[in-house]
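> missing the sequence, but the structure's below:
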């Protein structure tokens, strides 16, 4: 089988999830060449570290053991959407990755690389934060990495351009959306852009009693996020007409919005006090990515912030 390392990396034109990201490509190159700083490699270089695997404490931590043979990693692979028996890949990390790339579709390969990255994150939590390996934590890391990968592929990363119709707005803009399910299950999501360059994104699980309250909470989260960046001007884009009307026209909340009264009044005050903030109502189909994040926050809960493809 005559495959080069370049062929086993994500192809530039076809893999939307991992399209051309230098950090990911460099990480995969290091994995394939055994160049990531695992315990056994550091010990061979004379660095005084424990060479034993931090996740299973049962074998030397080389790349092949960490990614494919560690009992925890094997459990993660078997429980993943790919359901791989990673013990069968103990043929050398480079050979294993080249072989799997030749057998997988682009979407499968994107998932394969995300799983490797999530295992590496879990390992680092064990090594540097003294956390015990946990499948739930691995699944959360994998979910976060998949979200980052998707957004990096759809929005772009630092220095890349994005085909996104935003209209005549200020340079810094924030797409904001809320999601509401049943009872008190809500989610909030935002995507911050500067021109056509991704600046960051967040999603949360939030308690909300109605859709308007979820949208209002999302706007308040977005305001706090923008303030934390210390940017002077920002246009907020939202597909909720109630929130947009209050923020753009500075109209006090009406009685029919009583379930979200506190949040809407806070939005009204925030925009009234800051003349550098503006708001525009946009169609739902132009706010699809913030909607995806809001739904992720509602379904999975928690809170996550990303700026580019995961380091």
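Sure thing, it's come through. Computed from a prediction, not measured in an experiment: that's the story for all the values here.

> now do residue 34 against residue 92, distance only.
Residue 34 sits 9 Å away from residue 92, going by C-beta to C-beta, to the nearest Å. No exception for glycine: its C-beta is placed from N, CA and C like everyone else's.

> so what sits against both of those two?
residue 64 (C-beta atoms under 8 Å, 6 or more residues apart in numbering).

> lowest average confidence, helix or strand, in this structure?
helix 5-8 (a mean of 39; mean pLDDT, DSSP states H and E).

> buried ones in the helix or strand just after that helix?
Counting by DSSP states H and E, the next helix or strand C-terminal to helix 5-8 is helix 22-32. Residues of helix 22-32 classed as buried by neighbour count (16 or more other C-beta atoms under 10 Å): 24-25, 27-29, 31-32.

> which of those residues sits closest to residue 62?
Distance to residue 62 across those (C-beta to C-beta) is lowest for residue 31, with 11.5 Å.

> show the pLDDT at that closest one.
pLDDT recorded at residue 31 is 85.

> for residue 299, see how far away the closest residue to it other than its chain neighbours is.
With sequence-adjacent residues excluded and distances taken as C-beta to C-beta, 6 or more residues apart in numbering, residue 31 is closest to residue 93, at 5.8 Å. Distance of residue 93 to residue 299, computed by C-beta to C-beta: 34 Å.

> closest to residue 54 out of the buried residues of helix 22-32?
Comparing the buried residues of helix 22-32 against residue 54 with C-beta to C-beta places residue 31 closest, at 17.3 Å.

> would you mind measuring from that closest one to residue 117?
Taken as C-beta to C-beta, the spacing of residue 31 relative to residue 117 amounts to 10 Å.

> one more: residue 33?
Plainly put, residue 33 is 17 Å away from residue 117 if you go by C-beta to C-beta.

> got it, and residue 79?
According to C-beta to C-beta, residue 79 stands 16 Å off from residue 117.

> what does stretch 79-95 rub up against?
Applying C-beta under 8 Å, 6+ apart, the external contacts of stretch 79-95 come out as 5, 31-34, 63-64, 67-69, 73-74, 77-78, 96, 99-100, 108, 111-112, 115, 135, 142.

> buried members of those residues into ChimeraX, please.
Under the burial definition 16+ other C-beta under 10 Å, those of those that qualify are selected in ChimeraX by:
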select :31,32,63,64,67,68,69,73,74,77,96,99,100,111,112,115,142
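
> show me where the stretch 201-311 of the chain has its helices.
Per DSSP state H, counting those that start in this stretch, the stretch 201-311 of the chain carries helices over the ranges 211-228, 241-249, 261-273, 288-300.

> what of the stretch 1-150 of the chain?
Per DSSP H, counting those that start in this stretch, the stretch 1-150 of the chain carries helices over the ranges 5-8, 22-32, 39-44, 63-64, 71-79, 93-103, 106-129, 135-155.

> that concludes my questions; thank you for your assistance.
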